[in-house]
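Peer 1: What follows is a predicted protein model with its sequence.
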Amino acid sequence: MKIILCAEDIIKRGCWDSYVYYIIGSDKEAQEILKENKEFEITERDALIIGLLKVVETDNLIHRFNTHIYEILMNKSSKHEDLLIRKKTLDFAVDKFLDKFPDYWEPSKMWMVALDNLVEYINELKTKIEKLEVHSIVDKNLTIEFYNSNQVKKLLKFQY
């Protein structure tokens with residue numbers, strides 16, 4: 001399979017952070033590639049690694065974010081008394097999602113509005129998450145904090 005795209009296409013599909021980390025390796029080089037924004041060919045293996053083959057370009061970033069968080073809740077939750085997710089895991093996933101859309105990218109007006117809505121939604125979600133009950137579990141003299149996964153799922157709004 002031949003995959004030809006430009007750097008902005010990778011950003012619009014929400015795979016930029018993975019592309020920079022796994023393929024390019026340097027944020028400075030990534031800035032140059034994005035600045036040039038020339039078409040190039042990416043191997044099917046690289047596209048699979050960065051998750052490019054499983055996404056669709058959409059400007060509904062809130063839905064994409066909710067789907068991302070939902071997948072993390074499904075994959076990273078563990079069963080104790082309830083279904084719980086580590087507090088650090090969830091906080092990291094929420095904070096790192098915006099890395100998919102770098103600061104040095106100059107999006108179109110439509111994408112600017114979508115990004116502004118996403119930032120507002122994430123900030124609202126963070127304040128709601130902070131109000132959730134934190135479950136502490138002690139394991140080998142180490143205290144680990146958890147959120148109830150079902151409570152987090154209820155905070156996600158898919159009607160955007």
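Peer 2: Done, it's in. What you see is a predicted model, and the numbers here were worked out from it, not measured in a lab.

Peer 1: contacts, neighbours, all on C-alpha from now
Peer 2: Fine.

Peer 1: Show me the strands in this protein, by range?
Peer 2: 3-5, 40-42, 78-79, 83-86, 135-139, 142-148 (DSSP state E).

Peer 1: Put together TSV for the ones you listed, with mean neighbour count and distance to Glu124 on each row.
Peer 2: Putting the strands of the chain into TSV (neighbours: other C-alpha atoms under 10 Å; distance: least, C-alpha to C-alpha, whole Å) gives the following:
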stretch	mean neighbour count	distance to Glu124
strand 3-5	12	34
strand 40-42	12	37
strand 78-79	12	26
strand 83-86	21	20
strand 135-139	12	22
strand 142-148	17	17
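
Peer 1: Would you format these as CSV with mean pLDDT included?
Peer 2: Listed next are the strands of the chain as CSV, based on pLDDT from 0 to 100:
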stretch, mean pLDDT
strand 3-5, 91
strand 40-42, 93
strand 78-79, 87
strand 83-86, 92
strand 135-139, 88
strand 142-148, 92
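
Peer 1: Could I get the contacting residues of the residue nearest the centre of the chain?
Peer 2: In the chain, the centroid-proximal residue (C-alpha atoms, centre = their mean) is Phe97; its distance is 3.1 Å. Phe97 is in contact with Phe65, counting by C-alpha atoms under 8 Å, 6 or more residues apart in numbering.

Peer 1: Look up how far Ile122 lies from it.
Peer 2: 9 Å (C-alpha to C-alpha, to the nearest Å).

Peer 1: How is the protein partitioned into domains?
Peer 2: 3-54, 61-155 (automatic domain parsing).

Peer 1: Now distance to Thr127 too, for the strands of the chain, in TSV please.
Peer 2: Shown next, in TSV, are the strands of the chain (distance: least, C-alpha to C-alpha, whole Å):
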stretch	distance to Thr127
strand 3-5	38
strand 40-42	39
strand 78-79	24
strand 83-86	17
strand 135-139	17
strand 142-148	14
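
Peer 1: Please name whichever of these is nearest to Tyr104.
Peer 2: Closest of the strands of the chain to Tyr104 is strand 3-5, at 18.9 Å (criterion: C-alpha to C-alpha).

Peer 1: chain center to the closest one: distance?
Peer 2: For strand 3-5, the separation from the chain centroid amounts to 22 Å (computed by C-alpha atoms, centre = their mean, to the nearest Å).

Peer 1: partner strands of it, parallel or antiparallel?
Peer 2: Neighbouring strands of strand 3-5 in its sheet, by DSSP bridges, are strand 40-42 (antiparallel).

Peer 1: List of residues touching the partner strand?
Peer 2: 2-6.
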